[in-house]
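Visitor: quick one: sequence and predicted model below, then my questions.
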Amino acid sequence: MTNSYASSDDAAVAIAGARAGADVVRTMYGQRLNRIDKGAGDFATEADVEAEKAILGVIRAARPHDAMLGEEGGQQGAADAMRLWLVDPLCGTLNYAVGNMLVAVNVALREGAAAVADPFSGEVFFTDGETAWVRHDGVDDARLTPTPATRLVDVNLDPPFPSAPGFRAVDLLAHPEFREHFRPRVVSTTLALAWVASGKRAAYVTDGADLSRSVHFAAGIALCRAAGCVVTGIDGAPIGEAGRGLVVAADDQTHGLLMSMMRS
């Protein structure tokens, strides 16, 4: 591969990587794919592996001295590298494996640029670390504008649940105030984070530990922060090494409503 991105900025590298992975995911969709067992009921497909190779190839050509952490292949480069790319080549593997198109491709430079690609809509959501945009089919960039107008809230119901019994996502869905103010959705992919940043969702809630450096969540979190969303843990504290889960809301009012429900 030629070093065609060497002079481009980090956001362009993230976009190019996400699009390369999305091309693979879209091309291999519907094929009979071998599964790679990862234990505990989890698995990857050949599409996950090939998409990751495509993404890492783009990053390696553009930023040969950077380290990379891929969900499937682990870390490449120096363990103490200042610049680390976090890559989730196919978020929503279970969806994808059964023919569901709700998947995302996530590429993020830690504490920097990031991109989330929807392989089937042609949308790439991206940020340079300061502002956030969406690109449709390679053209027509539009600024991301969060809004709670849809009242739709995505809640991740997949295990693990490290905060139980103090917090259970299913209890949030049963809260009387939740039914009064919001409508629940479950898409099982971090594409939902990009939807909060772009106004397609009012909020997203998931349990977990520190998700700020997760290959699954880093790109979506970067998008939401740059778009102006409210981003905290499920305890309302800033996310980080001591963080617990994730609450991303389009505005302060939506975030406050969700936090009051979870605390009660």
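Guide: Structure received. Not measured: the values here are computed from a predicted model.

Visitor: all contacts plus neighbour counts: C-alpha atoms, from now on.
Guide: Noted.

Visitor: which parts of stretch 229-240 are buried?
Guide: By 16 or more other C-alpha atoms under 10 Å, the buried positions in stretch 229-240 come out as 229-236, 239.

Visitor: among those, name the ones in strands.
Guide: Among these, the members found in strands (DSSP state E) are 230-232.

Visitor: in JSON lines: those, plus pLDDT.
Guide: Converted to JSON lines, those look like this (pLDDT from 0 to 100):
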{"residue": "V230", "pLDDT": "98"}
{"residue": "V231", "pLDDT": "97"}
{"residue": "T232", "pLDDT": "96"}
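
Visitor: would you map the helices across the stretch 101-250 of the chain?
Guide: 169-174, 176-181, 191-197, 218-227 (DSSP state H, counting those that start in this stretch).

Visitor: for the first one, buried residues please.
Guide: Across helix 169-174, burial judged by 16+ other C-alpha under 10 Å covers 169, 172-173.

Visitor: a strand runs through A61, doesn't it?
Guide: No - judged by DSSP: H, G, I helix; E, B strand; the rest coil, A61 forms no part of a strand; its state is helix.

Visitor: what's the following helix or strand after the strand or helix carrying L69?
Guide: Assigned by DSSP states H and E, L69 falls within strand 67-70. Counting by DSSP H and E, the element after strand 67-70 in chain order, helix or strand, is strand 74-76.

Visitor: buried sites along that next one?
Guide: Those would be Q75, for strand 74-76 by 16+ other C-alpha under 10 Å.

Visitor: can you list contacts of that strand?
Guide: The contact list for strand 74-76 (C-alpha atoms under 8 Å, 6 or more residues apart in numbering) reads 67-69.

Visitor: which two among the buried residues of stretch 229-240 are spaced furthest apart?
Guide: Spatially, the most separated pair among the buried residues of stretch 229-240 is C229 and D235, at 16.6 Å (C-alpha to C-alpha).

Visitor: any low-confidence regions in this protein?
Guide: 1-8, 138 (pLDDT under 70).

Visitor: quick one, strands of the stretch 1-150 of the chain?
Guide: Assigned by DSSP state E, counting those that start in this stretch, the strands in the stretch 1-150 of the chain fall at 35-39, 42-45, 67-70, 74-76, 84-91, 104-109, 114-117, 123-127, 132-136, 139-143.

Visitor: let's have those strands in CSV, adding distance to Y204.
Guide: Putting those into CSV (distance: least, C-alpha to C-alpha, whole Å) gives the following:
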stretch, distance to Y204
strand 35-39, 27
strand 42-45, 23
strand 67-70, 24
strand 74-76, 27
strand 84-91, 16
strand 104-109, 15
strand 114-117, 16
strand 123-127, 17
strand 132-136, 18
strand 139-143, 20
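
Visitor: out of these, which comes closest to S214?
Guide: Closest among these, using C-alpha to C-alpha: strand 84-91, at 7.4 Å.

Visitor: which strands and helices lie in contact with the closest one?
Guide: When contacts are defined as 3 or more C-alpha pairs under 8 Å, 6 or more residues apart in numbering; DSSP states H and E, strand 84-91 packs onto helix 10-28, helix 46-62, strand 67-70, strand 104-109.

Visitor: same thing but at 6 Å, please
Guide: Judged by 3 or more C-alpha pairs under 6 Å, 6 or more residues apart in numbering; DSSP states H and E, strand 84-91 is in contact with helix 46-62, strand 67-70, strand 104-109.

Visitor: only alpha carbons, please: show that strand as CSV.
Guide: Presented in CSV, the C-alpha positions along strand 84-91 are these (Å, rounded to 0.1, in the frame of the first residue of the first chain):
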residue,chain,number,x,y,z
LEU,A,84,-2.5,4.8,20.2
TRP,A,85,-5.3,4.0,17.6
LEU,A,86,-8.3,2.0,19.0
VAL,A,87,-10.0,-0.1,16.3
ASP,A,88,-13.3,-2.0,16.5
PRO,A,89,-13.7,-3.3,13.0
LEU,A,90,-17.3,-4.6,13.3
CYS,A,91,-19.3,-3.5,16.3
